[in-house]
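**Q** Structure of the sequence below:
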Amino acid sequence: MNDNNAMNRFLFIFGFETPELVNQNAKWNDDFESSEAVFINAKSKHDALEWGRRIANEFFGRMKFNSDSVIDVDDYAHWICEDPKIRI
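**A** Residues are numbered from 1 along each chain as shown. Now for the predicted structure:
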């Protein structure tokens, strides 16, 4: 039986730079990022990715890492982990 309303669990991971990492990366010409992850219940990987992007952007807005610029999830690595069991 195929339930079109069934939800799947996805692990969304996103990177970002704190102000300290921005300074360190500039000093050492690196591209290190911190990361966060969140489980998302969604019908599809695409839907989970869209929700994850919204969550990441809300996270950036609440953290206010740099009041001079807007941080967007598209500026950093973000993805759905294909096998969350290996990440936990």
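**Q** State the next helix or strand along the chain beyond the helix or strand bottoming out on mean pLDDT in the chain.
**A** Every helix and strand in the chain was compared by mean pLDDT, DSSP states H and E; the lowest is helix 19-28, with a mean of 89. Downstream of helix 19-28, the first helix or strand assigned by DSSP states H and E is strand 34-42.
**Q** And that following strand, what does it pack against?
**A** Secondary-structure packing of strand 34-42 (3 or more Cβ pairs under 8 Å, 6 or more residues apart in numbering; DSSP states H and E): strand 8-16, helix 45-63. Placement of C-beta: from N, CA and C, glycine included.
**Q** Mind listing what's buried along it?
**A** Across strand 34-42, burial judged by 16 or more other Cβ atoms under 10 Å covers 40, 42.
**Q** okay, which residue is most central for the chain?
**A** residue 14 (2.3 Å; Cα atoms, centre = their mean).
**Q** what's the spacing between that one and residue 25?
**A** In this structure, residue 14 and residue 25 are 17 Å apart, going by Cβ to Cβ, to the nearest Å.
**Q** so where's this protein uncertain?
**A** Low-confidence segments of the chain (pLDDT under 70): 1-4, 64-70, 86-88.
**Q** again, only using 90
**A** Scanning the chain for pLDDT under 90 picks out 1-6, 16-23, 31-33, 60-76, 82-88.
**Q** Number of residues surrounding the closest residue to residue 15 other than its chain neighbours?
**A** Using Cβ to Cβ, 6 or more residues apart in numbering and skipping the chain neighbours, the partner closest in space to residue 15 is residue 33 (3.5 Å). Counted by other Cβ atoms under 10 Å, the residues lying close to residue 33 total 14.
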